[in-house]
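Engineer: Need coordinates for the following:
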Amino acid sequence: MDAQIVHSVQTLLRQAASLLIYQSVLRGEAGQAFWELLQAIRCAERNVAAESLDCLQAYGRWFISLAATQQSWQDYLLKQVLRDDNPFTRQVQQKEVAELPPALIAAVRHDLQILQSLYECSGEQLSQWVKAASHLAIAPPVWSVIDSPELNDLKLGLGSASWAEGLERLSAVYRKNGVGLLAEYRALRWQRGELVGIAHPDPVRVTDLVGYEAQKAALLKNTEFLLRGYPALNVLLYGSRGSGKSSLVKGLLHEYGDSALRLVEVAKSDLKDLPAITEHLRNQPQKFVLFVDDLSFEEEEDSFKALKVLLEGSLTARPQNVIVYATSNRRHLIREFFGDRPRPRDNEEVHVWDTMQEKLSFSDRFGLTLTFEPADQKTYLDIVHYLALQAGITLDREDLEHRALQWATRHNGRSGRTARQFVDFLTGELATSK
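Structural biologist: Numbering: from 1, shown residues only. Here you go, the predicted model:
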């Protein structure tokens, strides 16, 4: 094998082994496969048949690891750099580069020079090296370039000349997009004591929701307060089922996802973890909406107490980058029984009325309550017409409305959810009847 190839491969191996801050960039499946492929190419210089076979197999493992993600080697490497959670990426989100320790900055510049060399080792280059080692023509991994705002930001931040010289721009990318899961996902959920990314969030958009204009405007305004660093209120979206409360909250992700907003879904059973969740998010530069769907409580639930502390505050200051948006079909979130109401013969508690009022006033602890009343016929039909237009349904207006009203009567009444179900069914019915 050509001595120049051997020298280039050995240089890349030494460089990759000397990474200081960004060591974990090569710990993913494709990164490990890349490392093993370089080693196999170096070993194949002795022209031993078995080693040439090892080189081909190593190339196959690297190829399939990229195929699994449908990314080029360059895009994979950039994504790892974008996500990497290390001392530099954590600190630079809170401080300017000049405020960081000089030794840390020197280590980062060293690593960026190495990462640029690894980036410039393209799939075509590697396939040519494997061909020289095995004397067998082999296809290079060719994948479509990912059109990602985050990766585009990173490419612009690093620049084309020297990555080490683009440190300030790279730092701005981390401050804008975050690191780790927060860089890769805009929607997350709290699950088994940790954040988990949601790869395919609900595509619903705020503009898809017809009606309730005042409620939408209030929620958007409050969310913009949060994003701009002003005090924002916790919000309770209360009202009839199927009115679009949950969809409105989910739609915020697409409205403001590029503005450092993250939507974190928290199940009612996990509300007891709220102190841990808020502390985990407190020092992040992004803004977080904790989304709690279909909220209601029994009186003594621990989750009720945890949410109450978050809404009311405690000795620990509430994070200014975290608010709660909760939906419920109940105006009073804690179940109340007739037996709870005080009677003259009750002698268990002196101030029983105070206890009852505390239950009833829990929902008042949300700074903003948005009420979603049942859709009237006009609103329901407006929603149907909008969704039918989106679906490309061309029935005449009278026929469409007649069918829509019949559907509402036979199913779940007039609501946005009913309208969506009707249009989905009608779309399939018309398509299969042709």
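Engineer: just for the stretch 201-350 of the chain, where's the confidence low?
Structural biologist: For the stretch 201-350 of the chain, applying pLDDT under 70 flags the ranges 297-305, 313-317, 330-350.
Engineer: cutoff 90 now
Structural biologist: 202-213, 238-245, 254-260, 268-272, 274-275, 279-280, 282-285, 293-320, 328-350 (pLDDT under 90).
Engineer: So which residues of it form strands?
Structural biologist: In the stretch 201-350 of the chain, the segments counted as strands under DSSP state E, counting those that start in this stretch are 235-239, 261-265, 287-292, 322-328.
Engineer: okay, those strands in JSON lines with mean neighbour count and distance to residue 197 next?
Structural biologist: Placement of C-beta: from N, CA and C, glycine included. Below are the strands of the stretch 201-350 of the chain laid out as JSON lines (neighbours: other C-beta atoms under 10 Å; distance: least, C-beta to C-beta, whole Å):
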{"stretch": "strand 235-239", "mean neighbour count": "23", "distance to residue 197": "24"}
{"stretch": "strand 261-265", "mean neighbour count": "22", "distance to residue 197": "10"}
{"stretch": "strand 287-292", "mean neighbour count": "23", "distance to residue 197": "14"}
{"stretch": "strand 322-328", "mean neighbour count": "24", "distance to residue 197": "18"}
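Engineer: Now tabulate those in JSON lines and tack on distance to residue 44.
Structural biologist: Compiled in JSON lines, the strands of the stretch 201-350 of the chain are given as follows (distance: least, C-beta to C-beta, whole Å):
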{"stretch": "strand 235-239", "distance to residue 44": "62"}
{"stretch": "strand 261-265", "distance to residue 44": "46"}
{"stretch": "strand 287-292", "distance to residue 44": "50"}
{"stretch": "strand 322-328", "distance to residue 44": "54"}
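Engineer: Give the next helix or strand downstream of the longest helix seen in the chain.
Structural biologist: In the chain, assigned by DSSP state H, the helix with the most residues is helix 49-69. Using DSSP states H and E, the next helix or strand after helix 49-69 towards the C-terminus is helix 73-83.
Engineer: Which elements pack onto that following helix?
Structural biologist: helix 29-43, helix 49-69, helix 102-120, helix 149-158, helix 181-184 (3 or more C-beta pairs under 8 Å, 6 or more residues apart in numbering; DSSP states H and E).
Engineer: For residue 245, which of those is the nearest?
Structural biologist: Residue 245 sits nearest to helix 181-184 of all the helices and strands packed on helix 73-83, at 25.8 Å, using C-beta to C-beta.
Engineer: Now tell me what touches the closest one from outside.
Structural biologist: 79, 82-83, 150, 174, 177, 188, 195-197, 262, 284, 286 (C-beta atoms under 8 Å, 6 or more residues apart in numbering).
Engineer: which is the next helix or strand following that helix?
Structural biologist: Next element after helix 181-184 (DSSP H and E): strand 187-191.
Engineer: Name the residues that touch that next one?
Structural biologist: 181-182, 195-198, 201, 253, 262-267, 270, 273, 277.
Engineer: Can you point out the buried residues in it?
Structural biologist: 187-190 (16 or more other C-beta atoms under 10 Å).
Engineer: Kindly report the domain assignment for the chain.
Structural biologist: 3-184, 197-372, 377-432 (automatic domain parsing).
Engineer: and residue 413, how many neighbours?
Structural biologist: Neighbour count of residue 413, defined by other C-beta atoms under 10 Å: 15.
Engineer: circling back: of all the buried residues of strand 187-191, which comes closest to residue 94?
Structural biologist: residue 188 (20.6 Å).
Engineer: Who are the contact partners of residue 118?
Structural biologist: 12, 15-16, 34, 77.
Engineer: Quick check: it vs residue 280, distance?
Structural biologist: According to C-beta to C-beta, to the nearest Å, residue 118 and residue 280 sit 32 Å apart.
Engineer: ok so, going back, okay, who's weakest in the contacts of residue 118 by pLDDT?
Structural biologist: Least confident entry in the contacts of residue 118, by pLDDT: residue 77, with 92.
Engineer: Tell me how many other residues crowd the residue nearest to that residue when sequence neighbours are not counted.
Structural biologist: Closest residue to residue 77 apart from its sequence neighbours, by C-beta to C-beta, 6 or more residues apart in numbering: residue 119 at 5.3 Å. Other residues within reach of residue 119 by the criterion other C-beta under 10 Å amount to 17.
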